[in-house]
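**Q** the sequence and its predicted three-dimensional model are supplied below.
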Amino acid sequence: MAEPPILSWEGLGLQQGGGWLFGNPAQGDGLDLHIGPRDRLALIGRNGAGKTTLLKLITGEIEADRGLRKIKPGTNIVWLEQEPDFTGCATLMDFALGGNNAPAEYEVEAIAGQLGIDMGREAATASGGEKRRAAIARALAMDPDLLLLDEPTNHLDLAAIDWLEDWLTRFRGAFIVISHDRTFLKRLTRATLWLDRGNMRRKEVGFGGYEAWEEQVYAEEARNAHRLDAKLKIEAHWLERGVTARRKRNMGRLEKLWQMRATRAAMIQPTGTAKIALGSDAEFKSKSVIVAEDISKTYGERTIIKPFSLRIQRGDRIGVVGANGAGKTTLLKMLTGELEPDTGTVTHANTLSGVMIDQQRKLLDPQKTVRDVLAEGGDWVDVRGVRKHVQGYLKEFLFDPSVVDAKIGTFSGGERSRILLAREFSRTSNLLVLDEPTNDLDLETLDLLQEVIADYDGTVLIVSHDRDFLDRTVTVTLGLDGSGTVDIVAGGYEDWQAQRKARAKAPAKKASDTAPPPPPPPPAPASNKLSYKDQRDYEQLPARIEELDRLIANGGAALGDPELYSRDPDKFERISKSLELARKEKDEAEMRWLELAEQVEG
C-alpha cells in the first residue's frame, strides 16, 4: 500500500507578469502535486517554465493565487538554492549557521569534512565551488524530510558530484531535483515531473525514460491535431524542433563522433602521446593547429602538469576534465598561449583565430536589447560569413523571434547564456574555447549546444564537469587526476574512467619491462558488433521508418476529410486501423533501431 504524501498541492495556480504561469482557470483546475516520503523526483522544464518558482511554492516562500497546500505535521523542508545569498556572512560557517532553522555546527563540520571544504574560509573570497559545497553542507546537516535541489552540481568538481550522488542514494527522505546534469538525473531519480506550457505531468519513470516519454507526448499531440483536422497550435518546441527528426540527426552526429574517435584512437599511444598512424607525416602535421611538446608546469614544490606532448588537429573536440585544483585551467591556458610552460613549447598554426566563452555571460549589459547584442541594433547578423536575419537566427537558438527588442535584463540566467552562445557562435573563428559552458543551461539548450559544436568547422577545447555532455561531444579527453599526469584518451569521460579502472586492475610491471605496449587497434566497425540479423535491421530500419512516415501521413490526410465517416464508415474504420498498426510498427521500429545504435556505440 502506498504511503500517504508528506506534501500536496491541489488546484495550484499562480499568476506572473499579468498572465498565468501555470494553473490557468480557463484551461482546467490547476496543477495537482503529491510528494511521497521516499520520492526521487526530477523536475524538468524549459527555462522560464517555472521550475524554481514551483520549489518556492512547495517551501511556502511565496503564496499561490489559487489552490490548497497540505503538509504532514513535522515535515522538514530544506531548499538548496541555485544561488545562495552569502550577504552579511563573514565566513562560510556563519552562512551555514544562519537563519531560523540552523543545523548543529558539528553536523555541518562532519559533512564539510567529507566534501573537503574549510568552513572557516572568508565568504567574500570563497570561490563558486567553495560556496556551493558550503551550501550543500548546510542543507544536508539540517536533516530534511524533503530536500529541494536547484542545480546542485553547478560549480562542483567530479569528486564532489560523486560524493553527493552517493549521499542521495543513501538518503531516506524525499527529494526533488532540477539539474542540467543528465548523468546525475539518470542515476538518482525514479519519477519525473514535467512542467510544459503551463501544465504539469508526472510519470513514474526516472530521467532515463523522460526523453522517450516527451517524444511520445508530442507525437500524440501532433496525431490528434492532424486527426481532427484542427489547426491546434503546438508550441515551437515541437514544430520547430521536430523531436524525431532531431533524434535522427543526432544519431548521425554520434556516428560521425564515433568515427572521429576511432581515427584518433589510432593516433594515440598508451603513454598518451599523439603519433602519426594514418596518412603521411606531412599530411598529419599540416592538419595540426596546436602542437605541445614536453610541456610542464610547477608552482612552488607542487607539480601541476608533468611533461607531456599532444598534437591537436583541425576538427578535434578536446575535453579537459578533472577535480578542482587538478590543473585544468593551467593546462587550458598553456594550450591557448595565455600561459608559458616551464618546459617544452606550444606552437600554434598561423591561421588560428579563437573565441572563448566563459563565465562572463553575466556581464551582458542588462539594458541592451537582443537586437543590440546580436546585430548591433540592425536587422542582420553575419554568422561566420553567412548573412542571416536576426529574427531567423534567434529561432535557431530556440527563441521566439518576437523577443528581438526585449532587454537582456528581462531574461533568465539560462536564456542570457543562450543569447551569449548565439553571439559568440556567429563570430568567424577556427578555435572555440568553452569554459564550463553547461552552467545555467536547460536540457534543450544543451542539446542545441551539442548540435552547434558538432557542426562547427573548427577545433573545440571544452573544460567541463558535465559527464554526459563530454560523452556526447568530444573526440579526445585530457584527464587530470591531480598527480600532474595528463591522460590522453580517445573518447569521452566514460572512456577515461574505463582506462583508469583498467590501469588500477593491471598487475604492477617489473623494472625489466621497458618495451612499450603496442598501440591499441582502432575500434571494430559496427558490423562486427552485431549479428547478421541485427546488422540487417540496423541498415534497413531507417528506410522502413521513412516508409511508415509516408503511410501515416497519407492515412492522416485521408481521415482529415470531414465527410469520410458519413460517406463511407467502413473505409474510415479500415484507414483508422491501418494507421494504428502503422504507428505501432513505427514506434517499435524506432525503439529497435535506437537499441541497435546504442549497441553499436557500446
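**A** Received it, and whenever you're ready, just let me know what you need. Numbering: from 1, shown residues only.

**Q** CA atoms for contacts and neighbours, from now on please.
**A** Will do.

**Q** export only the CA atoms of the host helix or strand of Ser309, formatted as PDB.
**A** Element membership for Ser309, per DSSP states H and E: strand 302-313. Coordinates of each C-alpha in strand 302-313 appear next as PDB, following Å, rounded to 0.1, in the frame of the first residue of the first chain:
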ATOM      1  CA  ARG A 302      53.900  21.300  -6.400                       C
ATOM      2  CA  THR A 303      53.900  19.800  -9.900                       C
ATOM      3  CA  ILE A 304      50.700  20.800 -11.700                       C
ATOM      4  CA  ILE A 305      51.400  19.400 -15.100                       C
ATOM      5  CA  LYS A 306      54.100  16.700 -15.700                       C
ATOM      6  CA  PRO A 307      55.800  16.800 -19.100                       C
ATOM      7  CA  PHE A 308      53.500  15.600 -21.900                       C
ATOM      8  CA  SER A 309      53.000  16.100 -25.600                       C
ATOM      9  CA  LEU A 310      50.000  16.500 -27.800                       C
ATOM     10  CA  ARG A 311      49.100  17.400 -31.400                       C
ATOM     11  CA  ILE A 312      45.600  18.900 -31.700                       C
ATOM     12  CA  GLN A 313      44.200  18.500 -35.200                       C
END
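
**Q** direction included, what does that strand pair up with?
**A** Strand 302-313 has the following sheet partners, assigned by DSSP bridges: strand 288-299 (antiparallel).

**Q** quick one: mean pLDDT for the strand it pairs with?
**A** Strand 288-299 comes out with an average pLDDT of 93.

**Q** what residues sit buried inside that strand?
**A** For strand 288-299, the neighbour count (16 or more other CA atoms under 10 Å) marks Ser288, Val289, Ile290, Val291, Ala292, Glu293, Asp294, Ile295, Ser296, Lys297 as buried.

**Q** circling back to that earlier point, what does the strand holding Ser309 contact?
**A** Residues from elsewhere that reach strand 302-313, judged by CA atoms under 8 Å, 6 or more residues apart in numbering: 272-274, 287-298, 326-327, 330-331, 343-344, 459, 482-486.

**Q** try 6 Å this time
**A** For strand 302-313, the surrounding residues in contact (CA atoms under 6 Å, 6 or more residues apart in numbering) are 273-274, 287-298, 327, 484-485.

**Q** which of the buried residues of strand 288-299 sits closest to Thr75?
**A** Lys297 (52.0 Å; CA to CA).

**Q** distance of the closest one from Gly491?
**A** 25 Å (CA to CA, to the nearest Å).

**Q** now swap in Thr330 and tell me
**A** Thr330 is 22 Å from Gly491, by CA to CA.

**Q** pLDDT score assigned to the residue lying closest to Leu374 once chain neighbours are set aside?
**A** Closest residue to Leu374 apart from its sequence neighbours, by CA to CA, 6 or more residues apart in numbering: Arg423 at 5.4 Å. At Arg423, the model reports a pLDDT of 89.

**Q** Leu478 pairs with what?
**A** Val320, Ile488.

**Q** quick one: residues contacting it.
**A** So Leu478 contacts Val320, Asp487, Ile488 (CA under 6 Å, 6+ apart).

**Q** how many residues are close by the last one?
**A** Read that as Ile488. Residues near Ile488, counting by other CA atoms under 10 Å, number 26.

**Q** go on, the first one?
**A** Residues near Val320, counting by other CA under 10 Å, number 27.

**Q** against Glu204, how distant is it?
**A** Counting by CA to CA - Val320 and Glu204 are separated by 36 Å.

**Q** over to the second one?
**A** According to CA to CA, Asp487 stands 40 Å off from Glu204.

**Q** which one of the two has more residues nearby?
**A** Asp487 (22 against 15).

**Q** in three-state terms, label the closest residue in space to Thr410 that isn't next to it in sequence for me.
**A** Once flanking residues are discounted, Thr410 sits nearest to Pro366: 7.7 Å by CA to CA, 6+ apart. Assigned by DSSP: H, G, I helix; E, B strand; the rest coil, the conformation of Pro366 is coil.

**Q** need phi/psi at Pro366.
**A** Per-residue torsions, Pro366: phi -70, psi -20 (degrees, to the nearest 10).
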